[in-house]
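>>> I'd like to go over a predicted model; first the sequence, then the structure.
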Protein chains: 2
Amino acid sequence: ITAFVEKSQNVLVTAWEMGTSDPRKIIFSAKMGLALTVISILIFFKLPGSELSNHYLWAILTIVVVFEFSIGATFSKGCNRGLGTLSAGGLALVMADLSDKTGGWAELFNAVSIFVVAFFATYAKLYPTMKPYEYGFRVFLLTYCYVTVSGYRTGEFMETAVSRFLMIALGGSVGLIVNTCIYPIWAGDDLHNLVAKNFVNVATSLEGCVNGYLDCIAYDRVPSRILVYEAVTDDPVYSGYRSAVQSTSQEDTLMGFATWEPPHGPYRSFRYPWAMYVKVGGALRHCAFMVMALHGCILSEIQAEEEKRKVFRNELQRVGVEGAKVLRYIGEKLKKMERLNPIEDILHEIHQAAEELQSKMDKKSYLLVNAKNWEIGNQSRDLTDENEISNLDEDLSRILAHKSQSEATLRPPTNWDTGIGKNTNLAPIHSYQARTVIQKQPSWPSRVSLAPGSMLPPPPEAIMYESASALSLATFVSLLIEFVARLENLVNAYDELSEKANFKEHVAE
Amino acid sequence: ITAFVEKSQNVLVTAWEMGTSDPRKIIFSAKMGLALTVISILIFFKLPGSELSNHYLWAILTIVVVFEFSIGATFSKGCNRGLGTLSAGGLALVMADLSDKTGGWAELFNAVSIFVVAFFATYAKLYPTMKPYEYGFRVFLLTYCYVTVSGYRTGEFMETAVSRFLMIALGGSVGLIVNTCIYPIWAGDDLHNLVAKNFVNVATSLEGCVNGYLDCIAYDRVPSRILVYEAVTDDPVYSGYRSAVQSTSQEDTLMGFATWEPPHGPYRSFRYPWAMYVKVGGALRHCAFMVMALHGCILSEIQAEEEKRKVFRNELQRVGVEGAKVLRYIGEKLKKMERLNPIEDILHEIHQAAEELQSKMDKKSYLLVNAKNWEIGNQSRDLTDENEISNLDEDLSRILAHKSQSEATLRPPTNWDTGIGKNTNLAPIHSYQARTVIQKQPSWPSRVSLAPGSMLPPPPEAIMYESASALSLATFVSLLIEFVARLENLVNAYDELSEKANFKEHVAE
């Protein structure tokens, strides 16, 4: 019993939080209550006695069905309902005329007509482009059957169809008036906010990835929810890009509703380009996929050494910071519905940062391959580079020192192919000691098993993986630069949106 | 008018194709027609006169609403409807008792009770975990209002509630019987097939990526639909992984329905682990993200030179082929519901292939950085490698020859940062001539503009990008190896599924 009490307490707390975090839900519930109360009162007082009111049910039904959270959805459903009712009513009347002429075969005629109409309406409903009108077909079918059956029973086809339609119109208009006149909730607003929020999410993710990579954060064990791409609430890096990737269908739905909404609030033009919002969201997604790939480098078990990452620390960080800044900036502009500054190039900074990163990578590219094999070459080459000479020398000697040290402690790379498997713990990269253990894994044929304290020289495979580990840094850098490249596409999409949606001119701060 | 005729012809053709490609849709439409005809005939002949039949509308309504494509959806909706009706009916009867006691205030009491009930039911509907029961709440609301209003008007609360419920039960059972007894369509089947199909899709995508990369296929201009992540029908590589990535919500929906379905066909156990299908789908998605990143390397404008790709041709191709083979194999096993062979390791081949690729990459890692800078080092190092000596020498001299040639023709890398922009054409990589043109792009500050015929030595930036281009090959290789690593996770997920779902033992062929 205490468990039950606790559970219901939890539910109440969650319900309360839901209300405080999004008061629109409370308002919407109250509106729903109001609309139903209004229609009941109408039925209680005004209509009793009139023959119309035998069909009062339809008014209630219409409100319950049509009253949706956003105005766009309400309009779309209301329109579907209206059209479905009208056309089915018309068809039923025509059919009733025909069935009259069949004389004694009316029942058979009606049954067959119901079958044929139901068949075609259902088939049309499954037609791919008819998805938004699915509800309309349902109503069509219902109306047709109802009018036919009740008309047959009472002989009053016309009256049934007309009074039913009037009651639906009554219910629909009460619903629409209550829903639109009292604190309307717009799907367009939601779409606008969703896309803007995703900019912030991806920016957070990007920063998290770059910083996590530089701080050599490694998952002790990759959460299995990430491995099967389920939602994880306590990992902002993962959930940031995931929310952007996952919102495709939500964006599409909201767009479908938003196009039904009349011009309102800041969306003043008549044919507001909601589709462009989805496009900007898609371009953002295209960037988010790169962030996802960056995160993959952190998840991966081939990991570059901390030392090597440090060499690129400043450059990587700068690109990360600038990238997040650009994303946040565009997201904010979108929120405020302002155009980008046509004079200043917002990509200037990040392009410079990317270029710096690239030039650094070029100069130190010996770090990206198995440097051991290139020692002589490095030196002889680097000495010819006059600008960097002292710097490089320092680097090199540090790396060589590090290398000899790491050879002494025999540090083969982590067993990268199994970390994603079930029972492996990816040792945190900080502790070199832990990484000297290679577990024997039957799945990888040439896996080498070394006792932690063993002092044998590393077998060739181990050297090989070491080189793979260095290349993983190159991968991270490449992906980051590709991310920067994709930003341009995003900026273009945003420019197109701001043009078509006639955003405010950029305001100098 | 001809346009209209043409259009309707098109629609008819598509509708016909829809029917022939998925005959279940035709069958479903016929079943819907049949169910409605049956219920109309029942109303025509059996029930007239009886007081029950005043509520025949509810039987029709129930069929129209409950008759869903898959059995699971039908059960879930039917159950929602039944529960909603019952509980709302009960509540309405209790409230009617109370309202009787209020005497003259009955109208007010009823109106207030409708408001309060509508408020709480709507609010509960918005509660996150209540999503699958959304329809039940709607029915609850409708029933409560209807019973209260009609009871107030006629004074027959009990009768309304009971006869309405009976008619709903009648409609529901006709719908259920017709839908389940005649050619049932199972959501579980759909889920099974969807996941199996995605394996094939990702395999196709992977092969396409690797082959495309080796054949140096480059997009003349990246289709803008890819850049905003919209569906593209004529690009199997893209649509392959996209379908796997996009099917998240579809899988979730189907799983929601499948759990409602009784054991049937090959899914014999009572609590069939449908959730594991979604997990396997998620693990597949985790692999598909890597394929997506591989495709990103093709879309990217930093491209490795054809020569360099050729060096790794055999190894890359082998990994691609083996990877696709593993995916197809698991997909087929899933389709046949068989376990994997517990003795043979299906990842053996691909691990070997990946290892070979890695060892090749290690041996030739000088190709992955700006080789020009390492010429001396390369040679001195490679000569110490006794096995590969002749081979490498050949390679090196070829590369050096290639390099000097390319320097003579002055081939700076493509302007990688703009290809994703609006008006850039990524020249196909085959034609070196085309790539010698660098367009001046204002957005990249240090962009260098070179006339096609100019014979100046390439500026430092150009050399830098050349090194970036070589690193892009390293990126491709790393991503491919990470893909292989993720396969293990997929195999584990599949093993878990085959265990829980009690698949057939592996059958030796």
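Received, thanks.
>>> What is the least confident helix or strand in chain A?
Taking mean pLDDT, DSSP states H and E as the measure, chain A has helix A:432-435 as its least confident helix or strand, at a mean of 32.
>>> Which residue is the nearest non-sequential neighbour of residue A:476?
Take residue A:476 and drop its neighbours on the chain: the residue closest to it by C-beta to C-beta, 6 or more residues apart in numbering or on different chains is residue A:297, 4.7 Å away. Every C-beta, even on glycine, is put in place using the N, C-alpha and C of the backbone.
>>> Return the set of buried residues in the strand or helix carrying the one you found.
Taking DSSP states H and E as the definition, one finds residue A:297 inside helix A:274-299. Buried positions in helix A:274-299, judged by neighbour count with 16 or more other C-beta atoms under 10 Å in any protein chain shown: A:274, A:276-299.
>>> now stretch A:322-340
Quick answer for stretch A:322-340 (16+ other C-beta under 10 Å): A:322-324, A:326-328, A:330-331, A:333-334, A:337, A:339-340.
>>> And the helix holding residue A:297, what does it pack against?
Helix A:274-299 sits against helix A:187-214, helix A:236-246, helix A:248-258, helix A:313-336, helix A:460-500, helix B:224-227, helix B:274-299, with contacts defined as 3 or more C-beta pairs under 8 Å, 6 or more residues apart in numbering or on different chains; DSSP states H and E.
>>> Pretty sure residue A:86 sits against residue A:165.
Yes. Counting by C-beta atoms under 8 Å, residue A:165 is a contact partner of residue A:86 at 6.9 Å.
>>> for the record, mean pLDDT for stretch A:252-263?
Average pLDDT, stretch A:252-263: 88.
>>> Which residues does it contact?
A:70-73, A:75-76, A:79, A:132, A:186-188, A:190-191, A:194, A:267, A:269-270, A:272, A:274-275, A:277-278 (C-beta atoms under 8 Å, 6 or more residues apart in numbering or on different chains).
>>> Determine how far the last residue of it lies from the first.
19 Å (C-alpha to C-alpha, to the nearest Å).
>>> Tell me the gap between that stretch and the middle of its chain.
Centroid separation for stretch A:252-263 versus its chain: 18 Å, with C-alpha atoms, centre = their mean, to the nearest Å.
>>> So for that stretch, what gets flagged as buried?
By 16+ other C-beta under 10 Å, the buried positions in stretch A:252-263 come out as A:253, A:254, A:255, A:256, A:257, A:258, A:259, A:260, A:261.
>>> Equivalent analysis for stretch A:71-91, please.
Quick answer for stretch A:71-91 (16+ other C-beta under 10 Å): A:71-82, A:84-86, A:88-89, A:91.
>>> hmm, that stretch touching chain B?
No. Applying C-beta under 8 Å from any C-beta of the partner chain, one finds stretch A:71-91 out of contact with chain B, separated by at least 10.9 Å.
>>> So for stretch A:305-325, what gets flagged as buried?
Residues of stretch A:305-325 classed as buried by neighbour count (16+ other C-beta under 10 Å): A:305, A:308-309, A:311-312, A:315-324.
>>> Apologies, that question was intended for stretch A:144-164.
Within stretch A:144-164, the residues that count as buried by 16+ other C-beta under 10 Å are A:144-153, A:157, A:159-161, A:163-164.
>>> Quick one: end-to-end length of that stretch, please.
Using C-alpha to C-alpha, the end-to-end distance of stretch A:144-164 comes to 12 Å.
>>> Touching that stretch from outside, list them.
In contact with stretch A:144-164 (C-beta under 8 Å, 6+ apart) are residues A:51-52, A:54-55, A:58, A:85, A:88-89, A:91-93, A:95-96, A:99, A:106-107, A:110, A:113-114, A:117-118, A:121, A:143, B:36, B:40, B:43-44, B:48, B:53, B:56-57, B:60-61, B:64.
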